[in-house]
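Chemist: Dropping the sequence and predicted coords here.
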Amino acid sequence: MTDKEDTAISKEALINEEIREKEVRLIDEQGTQLGIVPIEEAQALSLQKNLDLVLIAPQAKPPVCKIMDYGKYRYELQKKEKEAKKKQKTTEIKEVQLSTFIEEHDLQVKANNAIKFLKDGNKVKVRLRFRGRERSNTAAGEKTMELFRVATEEFAVVEKAPLLEGRFLTMILGPKTDK
């Protein structure tokens, strides 16, 4: 058993003999309330029906218990969590690298790749690397970044403006959301 599974079980509801309350509000397997009963009576009723007594609301006064098949209940919860995970969309950061004096067609090809990433819902990190003497001419690099931004502006929003970090000029673009 992993640590993750172990912490998940410790957070789960108390069942059967683990419940230490004197009286509980009892709900049967069909969902009808049976009222406030002593814990012994509730446990006897759950044993009689061959099901588990599960503490579902420990903070209530008196605590609420339900008679149910606990294994089936846990299985249903795990299934719901798995479905929720499937529907989650994780965004990745894709990277496009440019050079200071890139030709117009090459810039357009890189912009088309970035647009493809943005349409998939990913963010794009645009990096322009200055080589040798190009570091003294950062204005040319900023002009190239601006041309790239204009080429992708229909699909992208600038999340982080171009910033000079060492020998790289970096900009982050995010997908445009239609509201």
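Modeler: Looks like it arrived, so ask away.

Chemist: so who does the residue lying closest to Pro38 once chain neighbours are set aside touch?
Modeler: In space, and not counting its chain neighbours, Pro38 is closest to Glu23: 5.7 Å by Cβ to Cβ, 6 or more residues apart in numbering. Any C-beta I mention is one placed from the backbone N, CA and C, and that applies to glycine too. Contact partners of Glu23, counting by Cβ atoms under 8 Å, 6 or more residues apart in numbering, are Ile36, Val37, Pro38, Ile39, Pro62.

Chemist: likewise Ala84?
Modeler: Counted by Cβ under 8 Å, 6+ apart, Ala84 has zero contacts.

Chemist: quick check, it in a helix?
Modeler: Yes: judged by DSSP: H, G, I helix; E, B strand; the rest coil, Ala84 forms part of a helix.

Chemist: out of all of them, which strand in this structure is the longest?
Modeler: In the chain, with assignment by DSSP state E, the single longest strand is strand 156-165.

Chemist: after that one comes which helix or strand?
Modeler: For strand 156-165, the following helix or strand on the C-terminal side (DSSP states H and E) is strand 168-175.

Chemist: now the helices for the chain?
Modeler: Counting by DSSP state H, the chain has helices at residues 3-10, 39-48, 70-87, 104-119, 138-152.

Chemist: buried set for the fourth one?
Modeler: For helix 104-119, a neighbour-count test (16 or more other Cβ atoms under 10 Å) marks Leu107, Lys110, Ala111, Ala114, Ile115, Phe117, Leu118 as buried.

Chemist: With distance to Pro162 and pLDDT added, can I get those residues in CSV?
Modeler: Below are these laid out as CSV (distance: Cβ to Cβ, whole Å; pLDDT from 0 to 100):
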residue, distance to Pro162, pLDDT
Leu107, 15, 93
Lys110, 15, 94
Ala111, 15, 94
Ala114, 14, 93
Ile115, 18, 93
Phe117, 18, 92
Leu118, 17, 91
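
Chemist: domain parsing for the protein?
Modeler: 3-87, 93-175 (automatic domain parsing).

Chemist: Quote the end-to-end distance of the last one.
Modeler: If I follow you right, that is domain 93-175. End-to-end distance of domain 93-175: 11 Å, with Cα to Cα, to the nearest Å as the criterion.

Chemist: Now do the contacts for Tyr142.
Modeler: No Tyr there; residue 142 is Glu. Glu142 neighbours (Cβ under 8 Å, 6+ apart): Pro162, Leu169.

Chemist: measure it to Leu98 for me?
Modeler: From Glu142 over to Leu98 the distance is 12 Å, taken as Cβ to Cβ, to the nearest Å.

Chemist: re earlier: among the helices of the chain, which is nearest Lys94?
Modeler: helix 104-119 (4.2 Å; Cβ to Cβ).
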